[in-house]
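Enquirer: Here's a sequence, model it:
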Amino acid sequence: MNTAAAKILVVDDELTAGKSMKKILARKGFEVDIALSANDGLNKIEKELFELVLLDIMMPQVNGIELLEIIKERWPNLGVVMVTGYPSIETAVEATRLGAFDYLAKPFTPDELREKVDEALEETASAKVIPIQRGKGGTLTAFCPTGKMECDIYGKKGKSCKTKDGVCPKIKKAQLKAQNSPRML
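Expert: Prediction:
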């Protein structure tokens, strides 16, 4: 994956912190967007494709841990790095248990941030990201990350199917049907 072209969302209620992270990462060629609340972050994730989210833990209304749970439920393959000015072992353990790639304590150096982002992007490069594409009339169309096709199941649930083997259930069903159908010679 060309990590320099990756699109990253910073969710932090402190505009200064968000702008600092954006500036540091933009210098390396990343495309960075900022959300100042959990709701703003969710809206952006629903509308755009991001490879990584940098998520502040301490935010009003919905905190970063709660938002992490929502993200992992709806977009399980989206990489998330938790960022906080109040580091503790308990929150680090909770964040990784819920699916965060890693944890970054403020204050951090620009090099520490870039290194953590590179690690997270390398780790999630093999994960299947759900592409959202514009269909006819400008509507957003959801494509299943396992089957690489438009999927009404994904569209209805707002998340991908849980598969043990990584094979789309619709594709599996079609393959079984083809194997069991009488063949014409």
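Enquirer: Quick one: residues contacting Glu31.
Expert: For Glu31, the contacting residues are Ala5, Ala6, Lys7, Ile8, by Cβ atoms under 8 Å, 6 or more residues apart in numbering. Every C-beta, even on glycine, is put in place using the N, C-alpha and C of the backbone.
Enquirer: With Met58 instead?
Expert: Applying Cβ under 8 Å, 6+ apart, we find Met58 in contact with Asp13, Gly64, Thr84, Gly85, Tyr86.
Enquirer: what's the answer for Lys116, then?
Expert: Val81, Asp102, Leu104, Phe108.
Enquirer: Mind putting those residues into TSV with pLDDT?
Expert: TSV is the format used below for the contacts of Lys116 (pLDDT from 0 to 100):
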residue	pLDDT
Val81	94
Asp102	90
Leu104	90
Phe108	92
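Enquirer: Let me have those in TSV, extended by secondary structure, neighbour count and distance to Ile71.
Expert: Listed next are these as TSV, based on DSSP: H, G, I helix; E, B strand; the rest coil; neighbours: other Cβ atoms under 10 Å; distance: Cβ to Cβ, whole Å:
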residue	secondary structure	neighbour count	distance to Ile71
Val81	strand	21	12
Asp102	strand	17	15
Leu104	strand	20	17
Phe108	coil	16	21
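Enquirer: Quick one: those residues as TSV, columns for distance to Lys72 too.
Expert: Listed next are these as TSV, based on distance: Cβ to Cβ, whole Å:
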residue	distance to Lys72
Val81	13
Asp102	14
Leu104	18
Phe108	23
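Enquirer: Show me the two of these that sit farthest apart.
Expert: When these are compared pair by pair using Cβ to Cβ, the farthest-apart members prove to be Asp102 and Phe108, with a separation of 11.8 Å.
Enquirer: count of neighbours near Arg97?
Expert: As a burial measure, Arg97 scores 9 neighbours (other Cβ atoms under 10 Å).
Enquirer: and it, what are its phi and psi?
Expert: As for Arg97, its main-chain torsions (degrees, to the nearest 10) stand at phi -60, psi -40.
Enquirer: And Asp12, how close does it get to Thr91?
Expert: 16 Å (Cβ to Cβ, to the nearest Å).
Enquirer: out of these two, which sits in the busier spot?
Expert: Neighbour totals were compared for Asp12 and Thr91, and Asp12 leads with 28 against 19 (other Cβ under 10 Å).
Enquirer: The closest residue to that one other than its chain neighbours: how many residues sit nearby?
Expert: Taking Cβ to Cβ, 6 or more residues apart in numbering, and ignoring the residues beside it in sequence, Asp12 has Asp56 as its nearest neighbour in space, at 4.0 Å. Under the neighbour criterion other Cβ under 10 Å, Asp56 is assigned a count of 25.
Enquirer: Asp56 and Leu15 touch, don't they?
Expert: No: under the criterion of Cβ atoms under 8 Å, Asp56 makes no contact with Leu15, lying 11.5 Å away.
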